[in-house]
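A.B. asks: Sequence below, structure please.
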Amino acid sequence: MKAKKIAALALAGVMAFSTLLAGCGGEGASQTGETGKKTSDSTEKSSAERKKITALLRCSETSTKYIILKKLLTEFSEEKGLEAPEFELVSSDADYVTKLQLYINSNALPDIYGCANGALSSAAKDIDAIVNIGDELERIGMKEDMNGAVYDFFKDAEDGNVYLFPESLNCEFFLYRKDIFEKYSLDVPKTWDDFLDVCKTLKEKEEIPLIVAGKENWQLMRYLSFAPWRMTKDQFIMDYIGQKETFSENTSAKEGVDLLYTLGTEGYFQGGFLSTDYTAATDLFFGGTGCMWYSGSGQISQASEMYSKGELGFFPVPDVQGQENMETNIPIHGGFGTAFNAQTYDDTMKEFFQYMCENYSDSCYNDAKVFSPFNDEIPEGLDQMFYDLQPLFETATDAWVSWDDKLDSATLTNLVDEQQKLAQGKEKPEEFEAAADQFIINNSK
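C.D. replies: From the prediction side, this is the model:
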């Protein structure tokens, strides 16, 4: 029965990856393993018989997660006299879900494994193969040291506990060309009305206002979900799923629908936006095309040179004018979560968990060049954007709410198809809303 449940949820897991991975950059579609061996020997171990620590990760050797864990696991293993850690790396989203399903179904998960917060973490919880990270952070006295929004991002929808350790702190924001804004005496937008006014002025000046990777499902969905997030956090999307709210009647949802429709139909996106993937969109913006681009901390290295020259600025997600907006205006998430197998979580693994937490910030900043999920001081010598961005999120307590990992796979697929029609003007906002309201009903039968 559990295996059947996991298989039914697998597609949702694959689609949820797209949003999480966007902040860290996509990987290729190949599968690699550092040792070439399967980590299928994760039966319950005692400290006395443990020889090594095993890990299954959805990443490549250049990924943030691997860079950090490879260093920390290797140093810890050497200190404890263990063999070198064994990594199995899978860089394709679909292949990783298949692999993780296999290990869950056979109850053979490695000591550490990458996992999305939702269907897959729930499946691991069903077989008692996932550690309560919140309890462990409390045990070592570091729960309060973690950024509140990152911690909030991984809260389990069913019980409110946290079972996944963040890869890093990822924040998202808009980058803009300061020279073009100055040329036309434009102010950084504070509200979405301001944002649209800026877009209108830029379009009239024959500039491309906004670059978007329309081929990536999550990019258009960001614009659809910005207003519901700022106004309700996760209330609208959860009530929509529970059939307590509708797009047709919810104010925040209608704001999001109208925004995407206006941006698309007024020509504020670049030409051919629906065929532009994330890499191409990034190249366009940093290559000098377009005035604004929704980006994130994963692109600091690409933005660094232009930012240091004063050519780029950034601003948070605008307010919905005339509505009550929550204080957090920078989407924050923890990347693709890391789980610890409760069945192999012996004294050695408990020691490693504490070692990892105590050294995580150092490795984030000095090795991976990403924000740490802990509220530690940023060391000297990094790109200036690290220091300038931090004040926007250091006291944040509310995380980004990704619709991708909340919706069932059928409804998500339906909304993705429909949002493209909306952005192209092939249907009116009220037509989109009516269709979206029917999706959740049809797919719950």
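A.B. asks: Excluding covalently adjacent residues, which one is nearest to K125?
C.D. replies: Using Cβ to Cβ, 6 or more residues apart in numbering and skipping the chain neighbours, the partner closest in space to K125 is Y163 (6.6 Å). (Glycine included, C-beta is placed from N, CA and C.)
A.B. asks: Which strand runs longest in this protein?
C.D. replies: For the chain, the strand with the greatest residue count under DSSP state E is strand 170-177.
A.B. asks: Name the residues of stretch 293-313 that are buried.
C.D. replies: 293-300, 302-304, 306-307, 312 (16 or more other Cβ atoms under 10 Å).
A.B. asks: Could you export the residues you listed to JSON lines, including columns for secondary structure and distance to D159?
C.D. replies: Shown next, in JSON lines, are those (DSSP: H, G, I helix; E, B strand; the rest coil; distance: Cβ to Cβ, whole Å):
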{"residue": "W293", "secondary structure": "strand", "distance to D159": "38"}
{"residue": "Y294", "secondary structure": "strand", "distance to D159": "33"}
{"residue": "S295", "secondary structure": "strand", "distance to D159": "34"}
{"residue": "G296", "secondary structure": "strand", "distance to D159": "29"}
{"residue": "S297", "secondary structure": "helix", "distance to D159": "30"}
{"residue": "G298", "secondary structure": "helix", "distance to D159": "30"}
{"residue": "Q299", "secondary structure": "helix", "distance to D159": "35"}
{"residue": "I300", "secondary structure": "helix", "distance to D159": "35"}
{"residue": "Q302", "secondary structure": "helix", "distance to D159": "39"}
{"residue": "A303", "secondary structure": "helix", "distance to D159": "39"}
{"residue": "S304", "secondary structure": "helix", "distance to D159": "41"}
{"residue": "M306", "secondary structure": "helix", "distance to D159": "45"}
{"residue": "Y307", "secondary structure": "helix", "distance to D159": "42"}
{"residue": "L312", "secondary structure": "strand", "distance to D159": "42"}
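A.B. asks: Among those, give me the pair with the biggest separation.
C.D. replies: Pairwise distances across those peak at 18.1 Å for Y294 and S304 (criterion: Cβ to Cβ).
A.B. asks: rewinding a little: ok, the buried residues of stretch 293-313 vs Q420, which is closest?
C.D. replies: Q420 lies nearest to Y294 out of those, by Cβ to Cβ, at 17.2 Å.
A.B. asks: hey, what's the closest residue to that closest one other than its chain neighbours bridged with?
C.D. replies: Nearest residue to Y294 in three dimensions, chain neighbours excluded: F174, at 5.6 Å (Cβ to Cβ, 6+ apart). Counting by DSSP bridges, F174 forms beta bridges with Y294, F315.
A.B. asks: okay, now F174: neighbour count?
C.D. replies: 19 (other Cβ atoms under 10 Å).
A.B. asks: Which stretches in the stretch 1-150 of the chain count as helices?
C.D. replies: 2-22, 64-80, 93-105, 119-126, 133-139, 148-153 (DSSP state H, counting those that start in this stretch).
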